[in-house]
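# all I have is the shape, not the residue letters:
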């Protein structure tokens with residue numbers, strides 16, 4: 001049953017944006033912050049030869065470098081000061097979330113509310129600096145090992161690279177937090193989204209050029225376009241899908257007044273894990289190929305070359321391992337971000353219960369039972385969305401830039417941002433209704 005608030009939100013007209021001054025300020029701030037980020041992806045790292053790096057990147061773009069370059073908005077391709085992008089922050093966030101499940105101290109901080117979250121966020125920032133420094137040092141070593149890329153290798157180049165790349169990641173982390181608090185939408189997600197979308201015009205132009213030259217037939221191009229529309233529609237449908245558990249609250253007496261029992265719903269998303277499973281699975285599978293590609297294949301053992309060949313894009317072994325990795329990380333990450341026992345305890349504390357299920361342990365078991373089964377559907381959906389483009393790319397040699405992972409990020413972040421815009425418009429409309437009601441009341445008096 002659709003609530004009145006949802007009906008009102010559905011009927012909102014974006015022409016009301018002209019009257020929402022606070023929302024316009026937030027949108028302009030967000031656009032300005034994203035413009036700063038995009039400019040930073042064109043500032044090259046000091047001490048390298050862009051032409052030499054361009055030649056090396058073209059030979060490695062099919063591995064993990066290509067995937068990270070997509071998330072970095074072309075920053076790795078240009079080896080810019082924002083080459084690490086915001087990925088160290090995401091990794092640090094996931095590590096801290098993992099630690100909260102095994103560390104009693106962090107688990108207690110998580111239960112302390114706003115103050116505890118501030119401490120956990122500070123730990124995440126420290127972890128971001130540490131991971132960014134390690135990755136930046138690895139990049140410096142890799143650049144020095146590449147032929148003719150670094151003009152003056154040595155300790156000064158490594159130190160400047162670590163400081164520059166780590167500083168770029170920390171700046172993006174700060175910028176994302178500013179967008180979240182003073183702009184619209186989740187700042188970290190919008191930074192990743194803008195990096196992906198920025199590469200779209202180039203990808204479309206390259207695909208159309210291949211079609212013009214005859215390398216890509218018109219029917220295949222039409223299939224790609226239809227598939228993109230179908231996949232986007234499917235992602236929107238599945239990301240909005242929920243399993244709502246009915247929650248009842250008993251009658252209660254406050255003073256001399258008796259309040260009737262109320263009912264609400266506990267929404268369980270079909271895809272609780274988000275885009276983490278395909279990112280982790282693809283990173284693990286592309287890592288051996290990328291490491292091997294930096295070495296001379298003739299000097300590698302035969303079994304290493306065999307493994308690299310089997311893990312190539314579109315090969316059956318790669319697809320099977322990709323699906324297995326997505327399924328594993330979908331269940332693993334869902335178990336981390338959603339705790340049925342904690343949810344059942346909170347319901348019991350506030351007097352809520354699921355009809356027919358005893359509060360406490362039985363409720364936790366029932367929530368875990370439902371969550372496990374909808375996660376099966378969610379994991380299968382993630383696997384289908386991510387593997388189907390891989391099959392098309394392998395079968396038709398289509399340069400389909402928007403694979404499953406990038407499409408998931410673009411669609412989910414866009415939906416969340418639009419929902420926040422609608423929320424601001426809805427609040428603005430409510431404020432207008434209240435003001436008009438007060439004016440009518442004052443005139444009657």
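Nice, thanks for sending it over. Computed from a predicted structure; not experimentally measured. Numbering: from 1, shown residues only.
# correct me if wrong: residue 242 contacts residue 266.
No: Residue 242 is beyond contact range of residue 266, at 9.6 Å (criterion: C-beta atoms under 8 Å). C-beta coordinates here come from the backbone N, C-alpha and C atoms, glycine included.
# compare the two (neighbour count), which wins?
residue 266 (17 against 13; other C-beta atoms under 10 Å).
# in which helix or strand would I find the residue lying closest to that one once chain neighbours are set aside?
Distance criterion C-beta to C-beta, 6 or more residues apart in numbering; nearest residue to residue 266, sequence neighbours excluded, is residue 245 at 4.3 Å. Using DSSP states H and E, residue 245 falls within strand 242-249.
# now do the buried residues in that strand.
245, 247, 249 (16 or more other C-beta atoms under 10 Å).
# same deal with stretch 234-243?
Neighbour-count burial for stretch 234-243 [16+ other C-beta under 10 Å]: 234, 235, 238, 239.
# can you tell me the average pLDDT over the strand or helix carrying residue 388?
Assigned by DSSP H and E, residue 388 belongs to helix 361-396. For helix 361-396, the mean per-residue pLDDT is 85.
# now the angle from it to strand 242-249?
170 degrees (axes from the mean of the first three to the mean of the last three C-alpha atoms, to 10 degrees).
# how far does helix 361-396 sit from the chain's center?
17 Å (C-alpha atoms, centre = their mean, to the nearest Å).
# quick one: buried residues of that helix?
Buried, per 16+ other C-beta under 10 Å, within helix 361-396: 363-364, 366-368, 370-371, 374-375, 378-379, 381-383, 385-390, 392-394, 396.
# which elements pack onto it?
helix 218-240, strand 242-249, strand 262-269, helix 276-293, helix 316-337, helix 340-349, helix 404-444 (3 or more C-beta pairs under 8 Å, 6 or more residues apart in numbering; DSSP states H and E).
# residue 145: which of those is closest?
helix 276-293 (12.3 Å; C-beta to C-beta).
# let me see the mean pLDDT of that closest one.
Helix 276-293 comes out at a mean pLDDT of 72.
# between helix 340-349 and the strand holding residue 245, find me the angle.
Going by the same axes, to 10 degrees, strand 242-249 makes 30 degrees with helix 340-349.
# neighbouring contacts of strand 242-249?
Contact with strand 242-249 is made by 261-270, 347, 350-355, 367, 370, 374, as judged by C-beta atoms under 8 Å, 6 or more residues apart in numbering.
# want to throw the helices and strands packed on helix 361-396 into TSV with distance to residue 31?
Formatted as TSV, the helices and strands packed on helix 361-396 follow (distance: least, C-beta to C-beta, whole Å):
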stretch	distance to residue 31
helix 218-240	23
strand 242-249	31
strand 262-269	29
helix 276-293	26
helix 316-337	30
helix 340-349	37
helix 404-444	12
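# which of these has the lowest mean pLDDT?
helix 276-293 (a mean of 72).
# now stretch 66-79, how far from the chain's geometric center?
16 Å.
# whoops, stretch 201-211 was the one
26 Å.
# for residue 158, which non-adjacent residue is spatially closest?
residue 140 is the one closest to residue 158 (C-beta to C-beta, 6+ apart), at 4.3 Å.
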